[in-house]
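Peer 1: got a sequence here, can you build the structure:
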Amino acid sequence: MPPTSEDLRPFPLRQSLGFLLVRTALKLRLLGNIILQEAGEDITVDQWGILNLLWEADGQTPVELARRADKDKPNVTRLLKILEDKELVAREPDPRDRRSHHIVLTDAGRALEARLLALGTKCYQQACRGLSKQEVETLKSLLNRVYANVS
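Peer 2: Below is the predicted model:
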């Protein structure tokens, strides 16, 4: 049953759902960046996320990547420029639409997959330490339901 207005008064900020989610997301991003840095990888969690989407399906457009990453297009464009400068991705023109292009992994970008996925697993395991598999699945399900409610 959803909380009633009585359940929400007083409204302690540090116990609000938004505060707890943002605080957790920031710490997860920080942990991921620390793990990547300690492993000697010259990449951020956000860059890793774009690469991960390309490992799943290479050759997406920037618009598709932005939608799948749940980020705005300017942010994804900036990340793609950084990944291009690092020679991990390249732009290929769309043969059917000269105004469009697809982002493809380079050999160097593909070569990072196993190593970076292992580091992602390390981050995930640390974040979920002390939680059972069922608790993790329940947490994911609840977060997805909250996301759907606010979308």
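Peer 1: and the worst-scoring helix or strand of the chain on mean pLDDT, what's buried?
Peer 2: Every helix and strand in the chain was compared by mean pLDDT, DSSP states H and E; the lowest is strand 97-105, with a mean of 89. Under the neighbour-count criterion of 16 or more other CB atoms under 10 Å, strand 97-105 has 102-103, 105 buried. The C-beta positions use only the backbone N, C-alpha and C, and glycine is treated the same way.
Peer 1: now tabulate the residues you listed in a markdown table and tack on distance to Ala90.
Peer 2: Formatted as a markdown table, the buried residues of strand 97-105 follow (distance: CB to CB, whole Å):
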| residue | distance to Ala90 |
| --- | --- |
| His102 | 9 |
| Ile103 | 8 |
| Leu105 | 8 |
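Peer 1: and the next element down the chain from the least confident helix or strand of the chain?
Peer 2: Sequence order places helix 107-111 as the next helix or strand after strand 97-105, per DSSP states H and E.
Peer 1: check which helices and strands that following helix is in contact with.
Peer 2: helix 45-56 (3 or more CB pairs under 8 Å, 6 or more residues apart in numbering; DSSP states H and E).
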